[in-house]
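1. Pasting the sequence and the predicted coordinates here, then a few questions.
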Amino acid sequence: MPADAAPHSDRGPRRLKNAVGAAACVGLMAYALYEQHVVGLEPCHLCVLQRIAVIGLGILFILAALQGPRAVGGKIYSVLMAAVAIGGMIVAARHVWLQHQPPGSVPACGADLTFMLKVLPLSEVLAKVFKGGAECQKVDWSLLGLSMPSWVFLSLLVLGGLAVAANWPRAHAGARRAV
């Protein structure tokens, strides 16, 4: 068997783990939309970026579950998924940091994201969004003492770990004995 080909028996569990990751991303987004549309919590700019990360990771999980990548493909998926998860974790960490600043120390945000995307270059929009604002500082929801961005950070950490564990090819017992 070529070194870059995972045995077919490894592809089934890999697909299942990717499907579980995709389901977790769907669950996270469903809950976020429930909080927005049913409970009435409006997402701030940093929340939107975190949602983009969760959706992006979910799409990659779905693609990996459908494809059932072999060794090289698994490495590519692992790197892409880890990058998306880390990007989302950076945004969530920035959001948590803003929430822990003294009240009034974070400037008001100003225009909404849709308006900024219409009138400003994307690089300027991203710079403004990443700075956050007073609405990003407000904690409207918490569970076990952790705000929603804290839970998003932890979720992305776990999902990023799952992505790498599911897709990064492992050395097989026979290959280890040959070394």
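-> That came through fine. Numbering: from 1, shown residues only.
2. Got the phi and psi for Leu120?
-> Torsion angles at Leu120 (phi, psi; degrees, to the nearest 10) stand at phi -120, psi 150.
3. Hmm, Arg94 is touching His45, no?
-> No - between Arg94 and His45 there is no contact, the gap being 10.8 Å when judged by Cβ atoms under 8 Å. No exception for glycine: its C-beta is placed from N, CA and C like everyone else's.
4. who's more crowded, those two?
-> A count of neighbours by other Cβ atoms under 10 Å puts His45 above the other of Arg94 and His45, at 23 against 19.
5. Could I get the pLDDT score of that one?
-> Looking at His45, its pLDDT stands at 79.
6. how close does it get to Phe115?
-> To Phe115, His45 is 12 Å away according to Cβ to Cβ, to the nearest Å.
7. now swap in Val38 and tell me
-> Taking Cβ to Cβ, one finds Val38 at 26 Å from Phe115.
8. quick one: which of the two has more around it?
-> The residue with more neighbours, out of Val38 and Phe115 and counting by other Cβ under 10 Å, is Phe115; that gives 11 against 8.
9. So for the more buried one, what pLDDT did the model give?
-> For Phe115, the model assigns a pLDDT of 70.
10. Same check on Lys128?
-> Lys128 carries a pLDDT score of 69 in this model.
11. One more: Ile55?
-> According to the prediction, Ile55 has pLDDT 95.
12. Nearest spatial neighbour of it, chain-adjacent residues omitted?
-> With Cβ to Cβ, 6 or more residues apart in numbering as the criterion, Ile55 has its nearest non-adjacent residue at 6.4 Å, and that residue is Met29.
13. before we move on, what about Met148?
-> In space, and not counting its chain neighbours, Met148 is closest to Trp141: 5.0 Å by Cβ to Cβ, 6+ apart.
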